[in-house]
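**Student:** quick one, structure for this:
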Amino acid sequence: MNTRANQPYFPVYRYFQKPHIMLYHISCEKGTLAGVHRLFHVVQDKYDASHRILYINNTTSGTLAQALRESSAAWVNDPHRTMQFEYERVLSIFEVVDKLQASKHDVVVVERLDAIMQETTREDYAHQNRALALLMGLDRDLVFIDMWLYLDTYYIRNPL
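**Tutor:** Below you'll find the model as predicted:
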């Protein structure tokens, strides 16, 4: 039995009525590495050591590791703050949603959601859209590092 098919559909626009939740878009037009460097400065400016941050992508941690080595953001040299920054590799939008529903992170960074949405799954397009709606409706800050104009047009309200 497919449990995702039995999950209710939540219209995405309802979730933007929550004023304490922020959705950010960082363009990777100049490359993903440049986007991650921008992210580090956003983390430094907007979040402190009490915030747990989860970084998700569907490739490897190589770009993140390189950005950590090269970063000029002061917090990357603070062991207490970097321990609050976690990395997860995912294979599909469903895995993203499952991980986030089970986590207690305050901020979630998704690198290349456009690529994650293009991953082949056994689910149909409607189920993928429902999973995306669930992701966008989670009650935590979300930061997207990608080139997906769909997100920028329909969802993101605070470009960085």
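**Student:** and the most centrally placed residue in the chain, which helix or strand is it part of?
**Tutor:** Against the mean C-alpha coordinate of the chain, by CA atoms, centre = their mean, the closest residue is Val110 at 2.5 Å. Secondary structure assigned from DSSP states H and E places Val110 in strand 107-111.
**Student:** neighbouring strands - and their directions - for that strand?
**Tutor:** strand 53-57 (parallel), strand 141-146 (parallel) (DSSP bridges).
**Student:** need the helices for this protein, in chain order.
**Tutor:** Using DSSP state H, the helices assigned to the chain run over residues 32-46, 62-70, 79-82, 93-102, 113-117, 125-136, 149-154.
**Student:** quick one, which of these gets closest to Arg52.
**Tutor:** helix 79-82 (10.7 Å; CB to CB). Every C-beta, even on glycine, is put in place using the N, C-alpha and C of the backbone.
**Student:** mind listing what's buried in that closest one?
**Tutor:** Arg81 (16 or more other CB atoms under 10 Å).
**Student:** elements contacting that helix?
**Tutor:** If you count contacts as 3 or more CB pairs under 8 Å, 6 or more residues apart in numbering; DSSP states H and E, helix 79-82 packs onto no helix or strand.
**Student:** how far off centre is it?
**Tutor:** 20 Å (CA atoms, centre = their mean, to the nearest Å).
**Student:** now swap in stretch 113-132 and tell me
**Tutor:** With CA atoms, centre = their mean as the basis, stretch 113-132 stands 15 Å off its chain's centre.
**Student:** what's the mean pLDDT across that stretch?
**Tutor:** Averaged across stretch 113-132, pLDDT comes to 81.
**Student:** do stretch 21-41 as well
**Tutor:** Here the average pLDDT along stretch 21-41 is 89.
**Student:** how about stretch 143-159?
**Tutor:** Averaging pLDDT along stretch 143-159 yields 70.
**Student:** equivalent analysis for stretch 49-59, please.
**Tutor:** 92.
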